[in-house]
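Trainee: Need a 3D model of the sequence below.
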Amino acid sequence: RFDSLGELAYDALRLAFIPWQRERRLRKERERGTAARLSSRILSAGAFHSLALRSNGGIAFWGDNDWESRSEDQAPPDGVDGDFTAVSSSWNYILALRSDGNVACWGYNDQEQVPPDGVDGDFVAISAGCLHSLALRRNGSIACWGRNWNGQAPRAGVLRRDRSGRIRRDCDFVAIAAGWRYSLALRRDGSIACWGANVKGK
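Mentor: Predicted coordinates for the structure are as follows:
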């Protein structure tokens, strides 16, 4: 009888509890991965200010709202109401993606990185660099604006061309990142495109 009880307990562990524990661990890992990906859209930090996307689509701010008296309202203490789905903050300016795909901008605008009327488009992701901005369109192409001294923000954006040099409608970028004087974009196949200043091989 004891042998049969032991075998029954072993089978219960092997067939039920251990798989349940494994699935629980995998589920938690997936949840952490999802949260990590989401955090890059709902949290952002500038030089002296921070912001977070509220569940109702508005944005909360805290920190310095007048960096060196040059970027008034980069972090309005009362926040900003709206239907935003993502935020990205640079040194002293902010981009926010609206649910309709347009981009709102505010903060210091010495290099046209923060157009007062925002940027219209069918965008799905945004990234604020030092003095230039990127936005990923739904079709996989990239819009750029702001300082372009090192080719980090080409006015025509970043498109896909075929071997003959013609622009293709089906671009394949899925993620973007704007740096100090350079830009990165992740392609669907996992490779990375880079443009702009190449100091220290970055």
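
Trainee: Out of the helices and strands in this structure, which is least certain?
Mentor: None of the helices or strands of the chain scores lower by mean pLDDT, DSSP states H and E than strand 71-72, at a mean of 52.

Trainee: Buried residues in stretch 190-202, which are they?
Mentor: 195-196 (16 or more other C-beta atoms under 10 Å). Every C-beta, even on glycine, is put in place using the N, C-alpha and C of the backbone.

Trainee: which residues are in contact with it?
Mentor: 150-154, 158, 173, 179-187 (C-beta atoms under 8 Å, 6 or more residues apart in numbering).

Trainee: out of these, who has the most neighbours?
Mentor: Neighbour tally across the contacts of stretch 190-202 (other C-beta atoms under 10 Å): the maximum, 29 neighbours, falls on Ala153.

Trainee: what's near enough to touch that one?
Mentor: When contacts are counted by C-beta under 8 Å, 6+ apart, Ala153 touches 129, 132-134, 144-147, 178, 183, 196.

Trainee: switch the cut-off to 10 Å
Mentor: Going by C-beta atoms under 10 Å, 6 or more residues apart in numbering, Ala153 touches 111-113, 129, 131-134, 142-147, 178, 181-183, 195-196.

Trainee: Distance of it relative to Trp195?
Mentor: Going from Ala153 to Trp195 by C-beta to C-beta, to the nearest Å gives 9 Å.

Trainee: ditto for Asp81
Mentor: In terms of C-beta to C-beta, Asp81 sits 36 Å off from Trp195.

Trainee: Could you list which of the contacts of Ala153 belong to strands?
Mentor: Counting by DSSP state E, those place 132-134, 142-146, 178, 182-183, 195-196 in strands.

Trainee: Which two among those are spaced furthest apart?
Mentor: Ala143 and Tyr182 (16.7 Å; C-beta to C-beta).

Trainee: what about the helices in this protein?
Mentor: Taking DSSP state H as the test, the helices found in the chain are 2-12, 18-42.

Trainee: Worst mean pLDDT among those helices?
Mentor: If you rank those by mean pLDDT, helix 2-12 sits at the bottom with a mean of 64.

Trainee: Does Phe123 touch Ala104 like I think?
Mentor: No: counting by C-beta atoms under 10 Å, Phe123 sits too far from Ala104 to count as a contact (11.1 Å).

Trainee: I'd like to know how far the residue nearest to Asp81 when sequence neighbours are not counted sits from Asp66.
Mentor: What sits nearest to Asp81 in space, not counting adjacent residues and going by C-beta to C-beta, 6 or more residues apart in numbering, is Gly58, at 4.7 Å. Gly58 is 21 Å from Asp66, where distance means C-beta to C-beta.

Trainee: Repeat that for Tyr182.
Mentor: 29 Å.
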